[in-house]
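Undergrad: heads up, no residue letters with this:
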DNA sequence: AAGTGGTCTAGACCACTTT
DNA sequence: AAGTGGTCTAGACCACTTC
């Protein structure tokens, strides 16, 4: 006997399958909700598969399949013998998922940040559009330089929804050690899940040239990023200018 | 009763688990071998899961898990109700996996190719190293321009192992319609599985400037690609120079 | 020893496609 | 109606970690 409902969110009797949704996807959505609501926080241990199976009244196999997909999307991390943990940006492991610039030779080196600007401004039209805000809404604007071995390599500008990042100041950024996404996740409850990037080659303008200590017109790699949190909500805009004389943007096509 | 061998490729009796390898991974390796050997060719229908389960003397579930991973790696494609097919580059679907340049506005448009050079040469040291050949081995060198709406946008150079691409001539390339990887797969039995790219911004040199019809020094996006076939064997080197005034390299971080 | 994720099986049923 | 992939279950056992 198998009592699995064909379509628990019944569309009425006799509906053959106008909107079929597998059970494990419904479970996956429920788990995602708990992640989003903060029931289990980044880095924490989640309930075991059997516990979740009891809680949702399904078999362990169904919970497994749901968690399988969440692990594939880097929302959770499984550790055999230990349990399943909520993914976090506070790990070496996650750093290079969003920082794809690598030195041409040798291992990646730590970087130092220098913050040039941290201000609250009204969102320009284009920024508002991409962040799905109203034009003129408050956004936090950040401008910083990242250096490797004291050589400035990256010039970044960020725009963040002011609503979500109320207490974000230059001091908080400067004193914080570790990746910026770690700060966002711990202090502002906003976790970056995935991002899209549009990459171009441009010539350095006067401002960029000065900061990166190169001649005006020097070719720079320009990466325009939109980052998303749970539910595909855009929550960060970022423009990175990369000096690629001794570095490159590393990408995998698969 | 469960007759699954703990470690079929026994390392001797009493060996607790010095080299444990799940059954489904062994099945996956066997299926990959059949793909590589051409037992089932790109685009063809593979045996059903139950057939494979009988053949390998395992349960359908174990075969499923093996095929799940092959599908995730884009080696096969599942179609409910129809069967599992060997992946092929002869599909709209696969095109944009290896051509990431998109127009800033509007939908992707078809492109025209013009071949500037197709020659057999001796591999330069760097090329030989990356293709794991001996320095001086024969390689096919290709230089081409790709245009969108009659505007040259991409200048590409390719290096292919001469051994694998014996009959590759300019005529074959010119007369062939469709993606180059389709030709490689159909006519030369070499299927590109995945690739790595190192991306930089450079200034156009004289030759590139002329072909792309821009001023010398114009910023170009430079993508150095190494492509791999089954067994992670490198089988293509490619340098693409992209004009990114009206286009961008589209990337997903996930 | 106990608990966790990971593997494997056998069987039932569902959704989709083709005959 | 038959065949295929897709879902779900229940149960056994394995590998790994911790107590």
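TA: Now that the structure is in, tell me what you want to look at. These numbers come from a predicted model, not from an experiment.
Undergrad: Now do residue A:132 against residue A:232, distance only.
TA: 10 Å (CB to CB, to the nearest Å). Just so you know, the C-beta spots here come from the backbone N, C-alpha and C atoms, and that holds for glycine as well.
Undergrad: So which of the two has more stuff around it?
TA: More crowded of residue A:132 and residue A:232, by other CB atoms under 10 Å in any protein chain shown: residue A:132, with 11 against 8.
Undergrad: Over to that one: give its phi and psi.
TA: phi 60, psi 50 (degrees, to the nearest 10).
Undergrad: Tell me who's in contact with it.
TA: Contacts for residue A:132 (CB atoms under 8 Å, 6 or more residues apart in numbering or on different chains) come out as A:233-234.
Undergrad: next one: the one 5 residues further on
TA: When contacts are counted by CB under 8 Å, 6+ apart, residue A:137 is found next to A:122-123, A:128, A:161-163.
Undergrad: Tell me which other helices or strands the host helix or strand of residue A:51 touches.
TA: Here residue A:51 sits within helix A:49-56, counting by DSSP states H and E. In terms of contacts (3 or more CB pairs under 8 Å, 6 or more residues apart in numbering or on different chains; DSSP states H and E), helix A:49-56 is packed against helix A:23-37, helix A:60-72.
Undergrad: Reformat these as a markdown table; add mean neighbour count.
TA: Formatted as a markdown table, the helices and strands packed on helix A:49-56 follow (neighbours: other CB atoms under 10 Å in any protein chain shown):
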| stretch | mean neighbour count |
| --- | --- |
| helix A:23-37 | 17 |
| helix A:60-72 | 18 |
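Undergrad: Nearest approach to chain B belongs to which of those?
TA: Closest to chain B of the helices and strands packed on helix A:49-56 is helix A:60-72 (CB to the nearest CB; 7.7 Å).
Undergrad: which helices and strands sit right next to the closest one?
TA: helix A:23-37, helix A:49-56, strand A:76-79.
Undergrad: Specify the angle between it and helix B:60-72 in degrees.
TA: For helix A:60-72 and helix B:60-72, the angle between their directions (axes from the mean of the first three to the mean of the last three CA atoms, to 10 degrees) works out to 20 degrees.
Undergrad: Next, count neighbours for residue A:253.
TA: With other CB under 10 Å as criterion, residue A:253 counts 18.
Undergrad: residue contacts, the closest residue to it other than its chain neighbours?
TA: What sits nearest to residue A:253 in space, not counting adjacent residues and going by CB to CB, 6 or more residues apart in numbering or on different chains, is residue B:195, at 4.3 Å. By CB under 8 Å, 6+ apart, the residues touching residue B:195 are A:252-254, B:98, B:225-228, B:236.
Undergrad: Does residue B:195 belong to a helix, a strand or coil?
TA: For residue B:195, the assignment made with DSSP: H, G, I helix; E, B strand; the rest coil gives strand.
Undergrad: Tell me what it is bridged to.
TA: residue A:253, residue B:227 (DSSP bridges).
Undergrad: From residue B:222, how far off is it?
TA: 15 Å.
Undergrad: Show me the one of the helices and strands packed on helix A:49-56 that comes nearest residue B:67.
TA: Each of the helices and strands packed on helix A:49-56 was scored for nearness to residue B:67 using CB to CB, and the closest is helix A:60-72 (14.7 Å).
Undergrad: do that closest one and DNA strand D meet?
TA: Yes. Under the criterion of CB under 7 Å from any atom of the strand, DNA strand D is reached by helix A:60-72 at A:60-62, A:65.
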